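In: quick one, what's the 3D model for this:
(one chain, ligands or ions: 1)
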Amino acid sequence: MPTTSSNPHLPFGENKQAEWYGKDIISVKQFSRNDLEYVFGVAHEMRGMVERVGTFDLLKGKILANLFYEPSTRTSSSFTAAMERLGGSVIPINEVKYSSVSKGESLPDTIRTLECYADVIVLRHPETGSAAIAAKAAKKPVINAGDGVGEHPTQALLDAFTIMEELGRLNTLTVTMLGDLKYGRTVHSLARLLSQFSNIRLNYVSPEILKMPKEVMDEVAEKGVPQAEFSSLENVLPETDVLYVTRVQKERFEDPADYEKVKSAYVIDPEVMKAAKKEMAVLHPLPRVTEISMDFDDDPRAAYFRQMEYGLYVRMALLAMVLGKA
Ligand code: ASP
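Out: Prediction:
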């Protein structure tokens, strides 16, 4: 993997390499605008390498512990694929109920155990702040793969990389986030991340009980990014460059009756999308339930399946960075 400033995609060269070596990735707040450009540059290189050679030995001999306390399909398998494409190997712990955690082991103890065997730990956990607790206990890098309703930084990085690859820019965009903005951790991370770019406008469309948390809106406002809240998509869809659709997070509701009230609040289908621009992108972190009709999947603006592939390259980049190889 080239890492010098002679590569146009890697304008920061070895400084950035040293900066990220051994680091935890807990929140998008850790990433400056330069860091984001660096990640996207490395991810772009990874894409080229996968297309050319498939698998290569950048992380040969390195081991990733993939520790998932909550269900996952894409995040867990894309970290596995990322590590294996880079020549490394993976300890998969997906069914935490079959591990020592079911015997009452604390998160810090599990982390201290895994770092005896692995060089990097990817953690998904139902509690907000758990990734930071794990990182404190660990000497090896910990990557947050979703901490409850808190953050999902690697998803936001891949979302932004998707926008960059699909629309060719991260500046001058109207981004509309739709659905469960209260419990959806991916939108918390993405709103924060996009606030680093210029001429961004954020629209939040949600039912009243699923509005974007004030804490996130305050942070975004501090960056001078205009934000507006709506209950209907109609008025904002025509101006939208990126429509980011989310699933209503059933598992986070205290009262199932509340979930029933809002579960079908919005459905994106070809008819609704007639009002949108011809050149724009529809993203979704997936899994989808009913919020995007399958009838829309063949539309060129439907970027959510390509988004998963971009995620592989971003996660390859992040693993290489924290292990000192990018
Ligand atoms: N896969 C994403 C997450 O883990 C989105 C979702 O579950 O709705 O947050």
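
In: and Asp241, how close does it get to the ligand?
Out: According to CB to the nearest ligand atom, to the nearest Å, Asp241 and the ligand sit 21 Å apart. For the C-beta atoms, the positions are set from N, CA and C on the backbone; glycine is no exception.

In: got the residues of this protein near the ligand?
Out: Remark: the part of the chain in contact with the ligand comprises Gly146, His152, Arg185, Thr186, Arg247, Pro285, using CB under 6 Å from any ligand atom.

In: can you redo those residues as a markdown table with distance to Ile292 and neighbour count?
Out: Converted to a markdown table, the residues of the chain next to the ligand look like this (distance: CB to CB, whole Å; neighbours: other CB atoms under 10 Å):
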| residue | distance to Ile292 | neighbour count |
| --- | --- | --- |
| Gly146 | 21 | 27 |
| His152 | 19 | 27 |
| Arg185 | 19 | 23 |
| Thr186 | 15 | 25 |
| Arg247 | 10 | 20 |
| Pro285 | 12 | 27 |
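
In: restricted to helices, list the residues you listed.
Out: Here DSSP state H is the test, and the residues of the chain next to the ligand give Arg185, Thr186 as lying in helices.

In: got CSV for the residues of the chain next to the ligand, with distance to Ala65 too?
Out: Shown next, in CSV, are the residues of the chain next to the ligand (distance: CB to CB, whole Å):
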residue, distance to Ala65
Gly146, 16
His152, 19
Arg185, 21
Thr186, 23
Arg247, 27
Pro285, 23
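
In: any chance you could map the strands in the stretch 101-250 of the chain?
Out: 120-125, 142-147, 173-178, 200-205, 227-230, 242-245 (DSSP state E, counting those that start in this stretch).

In: how about residues contacting the second one?
Out: Defining contact as CB atoms under 8 Å, 6 or more residues apart in numbering, one finds that strand 142-147 is touched by 24-27, 68, 70, 72, 75-76, 79, 111, 120-125, 127-132, 134-135, 151-155, 185, 318-319, 322.

In: could you rerun that using 6 Å?
Out: 24-26, 75, 121-125, 128, 130-131, 134-135, 152-153, 185 (CB atoms under 6 Å, 6 or more residues apart in numbering).

In: can I have the buried ones of those residues as a ChimeraX selection?
Out: Restricted to buried positions by 16 or more other CB atoms under 10 Å, the ChimeraX selection for the contacts of strand 142-147 reads:
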select :24,25,26,75,121,122,123,124,125,130,131,134,135,152,153,185
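
In: for the stretch 101-250 of the chain, give the residue positioned nearest to the ligand.
Out: Residue nearest to the ligand within the stretch 101-250 of the chain: Arg247 (4.0 Å; CB to the nearest ligand atom).

In: model confidence for that residue, exactly?
Out: As predicted, Arg247 sits at a pLDDT of 97.

In: pull the number of nearby residues for the closest residue to it other than its chain neighbours.
Out: Closest residue in space to Arg247, ignoring its immediate chain neighbours: Val289 at 5.4 Å, by CB to CB, 6 or more residues apart in numbering. Around Val289 there are 10 other residues, counting by other CB atoms under 10 Å.

In: quick one: what helix or strand has Val289 in it?
Out: Using DSSP states H and E, Val289 falls within no helix or strand.

In: got the phi/psi numbers for it?
Out: Main-chain dihedrals, Val289, degrees, to the nearest 10: phi -110, psi -90.

In: same thing with Ala320?
Out: Dihedral angles (degrees, to the nearest 10) for Ala320: phi -60, psi -40.

In: just the helices from the stretch 1-150 of the chain, written as ranges.
Out: 13-20, 33-53, 74-85, 107-117, 130-137 (DSSP state H, counting those that start in this stretch).

In: mind putting those helices into CSV with mean pLDDT?
Out: Output for the helices of the stretch 1-150 of the chain, formatted as CSV (pLDDT from 0 to 100):
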stretch, mean pLDDT
helix 13-20, 77
helix 33-53, 96
helix 74-85, 98
helix 107-117, 96
helix 130-137, 97
